[in-house]
Each structure stands twice: as structure tokens, then as C-alpha cells.
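> Make a model of this:
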Amino acid sequence: MAVVTAPVASGAPETAQIRLITFNDLHGNLEPPSGSSGSVTLPDGTSVEAGGAQYLATHVARLREQAPNSLVLSAGDNVGASPVNSALFHDEPTVAFLNQLGVATSVVGNHEFDEGFEELQRMSDGGCHPVDGCQFRESFPGADFEQLGANVTFEDGRPALKPFDVRTVGGTRVGIIGATLEELPSVVAPGAIEGLKFGDEVEAINRTSQVLDGMGVKAQVVLLHQGDGTEGGGPDDCNLTPGPAAEIAKAASPNVDVIFSGHSHSQYNCTVDDPAGNPRQVLQGASYGRLLSVADLAIDRVTQDVVRAETEAHNEIVTRDVPADPAAQALIDEAATKAAPIANRPVGSITADLPRAGAPSGESPLGDVIADAQFEATAANSPQAAITNPGGIRADLLFPGSPNGEGDGVVTYGEAFAVQPFGNIMQTMTLTGAQLKAVLEQQWTPEETNVLQVSAGLHYSYSASAPIGSKVTEISINGQPVDPNAPYRISVNNFLAGGGDGFTEFTKGTDIAGGPVDLDAFLAHLDAHPGIAPPPADRITALP
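Numbering: from 1, shown residues only. Predicted structure coming up:
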């Protein structure tokens, strides 16, 4: 049935304005994040402190005041890998904040699945945690916003999540499509997504866009939990490294008018041509609430479609020089007070910064310490080395006097938890020397480099210029060259043991023995070694 649209009155503007305000990868960071995670790099290479829920709320309120016809959206990873003041309460404080903020719709990220699909449903629908009950408040109402996943199905093909949401803003219906990364199973523990399948992002976007078009919804936006890296630049630069988000943007339906991305924690504001050759905006706003991606859309009053040529977009820095939002501040204070008895307990000490960031070889001080902790914690399994994934290390440990230092040398439980928040279980397995080499070769793929962190007894070299699959040489354990045919006991977390982050060679391990939770391993190491200093970066050697 044709839709009859009344003609625009003489003298009336031909377009209406709608503002979309989007953030991504908040990860439960209610308090202002610290160190490099708490600043935004400007085009000239300098940086400005940014982030904090109380300031994010203030910036959102101002942006909405400027444009009454607006929507607040999220591109995923609202929760998971969160600081202790949210994670102790299964991220219920973060959901409460997002409800305060007026988030309308979100796509699910990979971290929404950290505690499994049933917990994701509880986050949406409400109710007390099945094991821990309601510890933050007497009840938990759940999320006021939709959580979308157009490419998430059960194994029998039935949709597991809603593919889209339609919101009426200023008289215009806006279709919001949510798609998460197809390779999500490679970055989540297998047990958390059992029974689920994750399909091709472009196919899901295009199928859903066609449905919306059939409903007469012409203004369409995608929330995409997938992203690209950058080669520096400021919030509104577009120095992309080759990655999946731009490829998805090139192939997604021309009906889609703007794409908000996430996952890679990058900042960019790009224009990418759609399959019809028409430019459209693709943005990402870093992470941890440091940026807001803002797109101002002009809506044709007759067709109700977006006038692409009049779209204006930018990444707004969530500066801390604005008044704190009172409601958000009260929520942050409530979470901090309730978490304090656990979060503020001293668990160890350091003598200098232990950053996550690696040396040119990819080896990092904090990665070294955590790998050593995991080696020690699994001593009963007779490991010869321990290996951990850098993505499991979520925060720096900072010491006073450094450029970004905010600590006092004492490490609290909350700080340690921020470093190792996933609760992965340690496992020790047997690999042959050849399999160990294959693991190390999997650090390089055509898309990215992901350097594993290794314990003190394991050393190797790699050539950056050598072809993928043949980069690693001179592997030794405790000073002895690794024999391709000999067995070696290697400790890893259960995420890696299941092939996480694409390290599928670990799934070939045998004689698996269990160990403690990774956080407990880290806490035990801090307790046993007061005054930890950065280890020498001599475990991984990068050659030309």
C-alpha cells in the first residue's frame, strides 16, 4: 500500500534535523579512567584527560539540549571487563547508569556474552543474579534499552536477539540495526556462547535493512560492534589501518545512512562510499566513555529519508572541565561506597609503572608479571612456561611520579581486579615443541599482530619481515633449545585453551590439569613479591 505524504507547507523548511549521540566500549567505566585509558589524543599528538560517567552524562545532556530531536545509542561492550565497582555487582551499576543516560538502543558486543547468554538476558529483563542475588540494590529492573544482534541466532537458525529497533524522533521513524562481530566465538570463552551462532555482518545488515525498507522506514543507522585500527591522529581524523569495519561499510546496503562502530577502541570519523557510490559516515569513539560520536542528520520531510550531503558528524571529547552530573555522581558514589570494603584492600606494592603497552617487540612489563604469576600459581602442575593473552590485561598499574601516575605504590584489590577482571581459570597442558612454535606463529595474521605475554623461562626471537607462519626462531625454555618432538607443560587460561583470539593450536593440548582463577594467581603473586619492579624486556626479541 502506497504511503501518501502531505506536501510541505509553503515557506516550511524542506528538512528536519535529528541528532544521534553514540558511545562504544564503555566496559563499566563509571569513574574516570586513568593512565592512557583516561585521555584522548589530539591531532597534534598532545592529549587531554577524558571520560567518567558523571562528565559523560553532562556532555550528553548538553548535546540533547542543542538538538531536542535526538537519540542516545551504544555500539556495544557496555559491560564486561569492568572495574571492580561495577563488576562486583555483575555490572548492575553500569546498566543503572545507562538507564539514567536515556540510552535507547544498543548492539551487543562480545563482552555482553562474558557471563553467558542467560546473564545477557537478565541484564535486559532484570531480576536478581541466580547465584549472588541482588547485592547492589534490593532489586534489579534490567535495561530500559533494546540490545540488538541481527546476526546472532540459535543453532537451529532462530533469532536469538532482536535484529532492529525503530524509534520515532521528531515525527521521523529511525531504523536502528545492530550487528556484532562474526568472529565473536574466537574472543569469548566457548561455554559462554554454547548453542549460538554468529553470522556474516553484511548479510545480516542487508537482510534487516530490506525489512525496514519494506516497512517504509527510510532513515537507517547501523550499530556495528566491529572496528578498524588507526595510525594515529585526532578524534575526527581518518587514518585507518586495513580492517573489517571499512570493508563492511563498503558492502552494507545503500539504504543505511550512517554506521557507528566499536570493538577496536579506536577514534575515527570517516566517509566511506556505499555500494551505490554514495558517501556515508563511519565513526568510532575510542572507549571507556572518552568520546561521543555525534551525527546530525537532515531528514527530507517528504521522503522521510536522510539527505546524506547534509549529514554532519564529529567525535565530541568527554572533557572533565564541565560540572559533574548530580544523578550520575550519586550513582558512582553509591557503587564506590558499596564496593569499598573489598576494592580498597591492599594486596601488594610496586616500585614503578607496570604498563600494558609493549616494548617494540610486543613484550610488556605488566604482561611479564602476569605470566610469571600464572607460572607460579600452577606450580603443582609442573609447568615449564606460562603464556597469557594481552587482551586479558585490561588496565595499567601505575606508580606516583610518572607522567600518568595516580597511585601510591600500594596495589589495591580494585586495581588488581581492573587488570584481570575476567575470572578465567588456569589450565596446564602438554604441547610438543612443534605445537608451541605453531602457537607462537599464530600471533601474526594478515589482519593483525597479537603478541602473547610469556613467563621468564621462555625466550624466542621473531623476524618482522619474514612471511606469516615462518617468523619465529630460537625458541628456548630455561636456556635449552625447544625440541620439536619433545613434550612441554605450558600453563594458559581457559580462554586461550579453548582457542580464544585465534590461537587454535592450544586446542591440541593434552593432559590438561586445572588451576586457580587468573585473578587469584595475580593476587598471590603480588602478596608473595612486595615491591615489584618492571622485569627486563628480554623474553621476546624482535629482529628486522
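
> quick one: which helix or strand includes residue 233?
Per DSSP states H and E: residue 233 is located in neither a helix nor a strand.

> how much space between residue 388 and residue 498?
14 Å (C-beta to C-beta, to the nearest Å). (C-beta placed from N, C-alpha, C; glycine too.)

> Of these two, give the one with the bigger neighbour count.
More crowded of residue 388 and residue 498, by other C-beta atoms under 10 Å: residue 388, with 29 against 21.

> Name the next helix or strand downstream of the longest helix seen in the chain, please.
Within the chain, and with DSSP state H defining each element, the longest helix by residue count is helix 326-343. Downstream of helix 326-343, the next assigned helix or strand under DSSP H and E is strand 346-349.

> who does that next one touch, helix- and strand-wise?
Where contact means 3 or more C-beta pairs under 8 Å, 6 or more residues apart in numbering; DSSP states H and E, strand 346-349 is packed against strand 410-412, helix 413-419, helix 518-528.

> Ok, which of these comes nearest residue 396?
Distance to residue 396, taken as C-beta to C-beta, is lowest for helix 413-419 among the helices and strands packed on strand 346-349, at 7.9 Å.

> Would you map the helices across the stretch 1-150 of the chain?
53-66, 84-87, 92-101, 117-125 (DSSP state H, counting those that start in this stretch).

> Out of the ones you listed, flag the one nearest residue 164.
Nearest to residue 164, of the helices of the stretch 1-150 of the chain and by C-beta to C-beta, is helix 117-125 at 15.6 Å.

> between the closest one and helix 92-101, how many degrees?
Relative orientation of helix 117-125 and helix 92-101, computed by axes from the mean of the first three to the mean of the last three C-alpha atoms, to 10 degrees: 40 degrees.

> could you give the mean pLDDT of helix 117-125?
Averaged across helix 117-125, pLDDT comes to 98.

> Kindly report the same for stretch 76-89.
94.

> Check the separation of the first and last residues in that stretch.
Criterion C-alpha to C-alpha, to the nearest Å; first-to-last residue distance in stretch 76-89 is 19 Å.

> same deal with stretch 110-128?
22 Å.

> Repeat that for stretch 482-491.
16 Å.

> just stretch 145-161 next, same as before
13 Å.

> One more: stretch 494-503?
12 Å.

> again, but for stretch 475-483
First-to-last residue span, stretch 475-483, C-alpha to C-alpha: 9 Å.

> Name the residues of that stretch that come out as buried.
Residues of stretch 475-483 classed as buried under the neighbour-count rule (16 or more other C-beta atoms under 10 Å) are 475, 477, 482.

> Inside strands: which ones of those?
475, 477 (DSSP state E).

> export the buried residues of stretch 475-483 to a markdown table and tack on pLDDT and distance to residue 448?
Formatted as a markdown table, those follow (pLDDT from 0 to 100; distance: C-beta to C-beta, whole Å):
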| residue | pLDDT | distance to residue 448 |
| --- | --- | --- |
| 475 | 98 | 22 |
| 477 | 98 | 27 |
| 482 | 98 | 25 |
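
> which of the buried residues of stretch 475-483 lies closest to residue 492?
The nearest one, if we look at those relative to residue 492 and count by C-beta to C-beta, is residue 477, at 14.7 Å.

> Show me what that closest one is bridged to.
Counting by DSSP bridges, residue 477 is bridged to residue 458, residue 480.

> what's the answer for residue 177, then?
residue 164, residue 222.
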